[in-house]
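Student: what follows is a predicted structure for the sequence shown.
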Amino acid sequence: MKNRRIFLFSFILISLILGACASPDNGAASGAVLTEAALIAAEGLTQTAAAAPPTATATEVLPTATNTNTPAPTATQAATTQGGSPAVTATQQQQSGGGATGCLRANFEIETIPDGTQFFIGREFTKTWRFKNVGSCTWTQAFSAVWIQGDLMGSEAVIPFTEFTDVDIQPGGYVTVSITFEAPSPAGHYKGYWMLRSADGITFGLGTNGREWFWLDIESRDPVG
């Protein structure tokens with residue numbers, strides 16, 4: 001339809017122009033004819049444009065805001081307890097069995113090298129802890145002492161019970177855990193946290209619920225000055 005109208009108006013316009021040129025009085029008459037032709041063409045084009053469908057234009061769509069959940073802290077991001085000792089993670093709490101009659105629970109008896117003992121940088125030393133099995137399960141030689149957090153101070157991170165004893169530790173029995181360390185560099189305060197671990201990977205420790213850690217706390221000193 002649009003093309004037919006354009007063709008019709010073009011035809012009328014051309015006819016009027018030719019007629020004006022052929023007229024013997026092609027002065028004012030020709031000008032009037034050309035003016036009329038121009039008006040007719042403009043009107044026709046205006047009607048054609050009005051009849052044509054509108055051209056699609058891009059509409060900017062703003063993105064919809066979405067809620068982003070902040071991930072919960074991981075187990076390794078547990079807060080420290082009052083007094084400076086790190087709190088046991090939720091996973092460790094679930095694993096330890098807990099409770100006064102828990103399967104895996106140790107009681108601290110004695111230790112060597114009190115907190116704050118000073119050593120020169122590079123000096124090797126051995127700290128010993130004595131623990132009592134106050135849980136209801138036997139500690140086998142497949143158990144181990146494991147470093148949890150803080151300063152390792154040159155020690156192995158996992159030390160099997162075979163380093164400490166050649167027998168299983170029955171409930172009510174004792175085990176002596178001795179670990180060799182080296183005073184680190186640079187000079188300063190160092191502290192490392194440890195727990196015990198069962199043969200099937202359950203980490204446990206001290207206290208009423210078997211959830212507390214034991215540690216080494218020293219001052220490393222520069223031998224010069």
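Tutor: On my side now, so go ahead. Numbers count the residues shown, from 1 in each chain.
Student: how is the protein divided into domains?
Tutor: Following automatic domain parsing, one finds the domains of the chain at 2-51, 87-221.
Student: need the next SSE after the lowest-mean-pLDDT helix or strand in the chain, C-terminal direction.
Tutor: Taking mean pLDDT, DSSP states H and E as the measure, the helix or strand of the chain with the lowest value is helix 90-95, at a mean of 40. Next in sequence after helix 90-95, counting helices and strands by DSSP states H and E, comes strand 106-111.
Student: how about the strands in the chain?
Tutor: Taking DSSP state E as the criterion, the chain contains strands spanning 106-111, 117-120, 124-133, 144-150, 158-160, 174-182, 188-197, 203-204, 214-221.
Student: against T203, how distant is I218?
Tutor: I218 is 24 Å from T203, where distance means CB to CB, to the nearest Å. For every residue, glycine as well, the C-beta is placed using N, CA and C.
Student: neighbour count: those two, which is higher?
Tutor: I218 (25 against 22; other CB atoms under 10 Å).
Student: and that one, what are its bridge partners?
Tutor: T117, Y190 (DSSP bridges).
Student: so who does it touch?
Tutor: 113, 115-119, 153, 181, 183, 189-191 (CB atoms under 8 Å, 6 or more residues apart in numbering).
Student: which among the residues you listed end up buried?
Tutor: Neighbour-count burial (16 or more other CB atoms under 10 Å) applied to these gives 113, 119, 153, 181, 183, 190-191.
Student: one step back: and of the strands of the chain, who's closest to V167?
Tutor: strand 174-182 (9.3 Å; CB to CB).
Student: quick check: angle from that closest one to strand 144-150?
Tutor: 50 degrees (axes from the mean of the first three to the mean of the last three CA atoms, to 10 degrees).
Student: run the angle between strand 174-182 and strand 188-197 for me.
Tutor: Using the same axes, to 10 degrees: strand 174-182 against strand 188-197 is 140 degrees.
Student: and strand 174-182, what's buried?
Tutor: Within strand 174-182, judged by 16+ other CB under 10 Å, the buried ones are 175, 177, 179, 181-182.
Student: ok, the nearest residue to P223 once chain neighbours are set aside - contacts?
Tutor: Spatial nearest neighbour of P223, excluding adjacent residues (CB to CB, 6 or more residues apart in numbering): F120 at 4.4 Å. F120 makes contacts with 183, 220-223, as judged by CB under 8 Å, 6+ apart.
Student: how close does the nearest residue to R130 once chain neighbours are set aside get to K132?
Tutor: Ranked by CB to CB, 6+ apart and with sequence neighbours excluded, the top spatial neighbour of R130 is E109, at 4.3 Å. E109 is 6 Å from K132, where distance means CB to CB.
Student: more crowded one of the two?
Tutor: More crowded of E109 and K132, by other CB under 10 Å: K132, with 16 against 12.
Student: report the beta-bridge partner residues of that one.
Tutor: Those that pair with K132 in a beta bridge, by DSSP bridges, are N107, Y174.
Student: contacts only, for it.
Tutor: Neighbours of K132 in contact, by CB under 8 Å, 6+ apart: 106-107, 109, 172-174.
Student: and those, which is closest to P160?
Tutor: A106 (16.2 Å).
Student: what residues are up against that closest one?
Tutor: So A106 contacts 131-135, 196, 204-206, 210 (CB under 8 Å, 6+ apart).
Student: please repeat the previous calculation with a cut-off of 7 Å.
Tutor: 131-134, 196, 204-206, 210 (CB atoms under 7 Å, 6 or more residues apart in numbering).
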